[in-house]
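> This is a predicted model, with the sequence first.
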Amino acid sequence: MESILLVLNIIIAVILVLLVLVQKSEGGALGIGVSQENFMFSRSAGNFMTKATAVVATLFIICSLALTIVSRSELTPTGSILDNVEEKTQDTPAIPEK
């Protein structure tokens, strides 16, 4: 189950990156001088791309949370790290004074 969710999460992440890269640029900070009016999409396609990006981002978050919940059983600590430190300090010999 964990491997299926991991593969699904990677696929959704790639789709999300592609959707973000394909969207029409609203700002002009990194413009290359090409008119954005006729470049790739019309305004209705931009709205569709925005909605699709929101849906895929929501699916990515849900899949990431599900992956965390499924793998949570492996992350539970069996003991405290302080117990290990205390055991080691008892075995350490004292430093002799001069």
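Noted; the coordinates are in hand.
> Where does the prediction get shaky in the chain?
In the prediction, the chain carries residues with pLDDT under 70 at positions 26-46, 75-80, 82-93.
> and if we set it to 90?
1-3, 5, 22-50, 68-98 (pLDDT under 90).
> all helices of it, in order?
Ranges of helices within the chain are 2-22, 43-70, 72-75, 81-91, based on DSSP state H.
> With mean neighbour count and distance to Glu97 added, can I get the ones you listed in JSON lines?
Backbone N, C-alpha and C define where each C-beta goes, glycine included. Below are the helices of the chain laid out as JSON lines (neighbours: other C-beta atoms under 10 Å; distance: least, C-beta to C-beta, whole Å):
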{"stretch": "helix 2-22", "mean neighbour count": "13", "distance to Glu97": "55"}
{"stretch": "helix 43-70", "mean neighbour count": "13", "distance to Glu97": "52"}
{"stretch": "helix 72-75", "mean neighbour count": "8", "distance to Glu97": "45"}
{"stretch": "helix 81-91", "mean neighbour count": "8", "distance to Glu97": "18"}
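> Including distance to Lys98, could the ones you listed go into CSV?
Shown next, in CSV, are the helices of the chain (distance: least, C-beta to C-beta, whole Å):
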stretch, distance to Lys98
helix 2-22, 58
helix 43-70, 55
helix 72-75, 48
helix 81-91, 23
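> Is it correct that Leu8 is in contact with Cys63?
Yes: counting by C-beta atoms under 8 Å, Cys63 is a contact partner of Leu8 at 5.7 Å.
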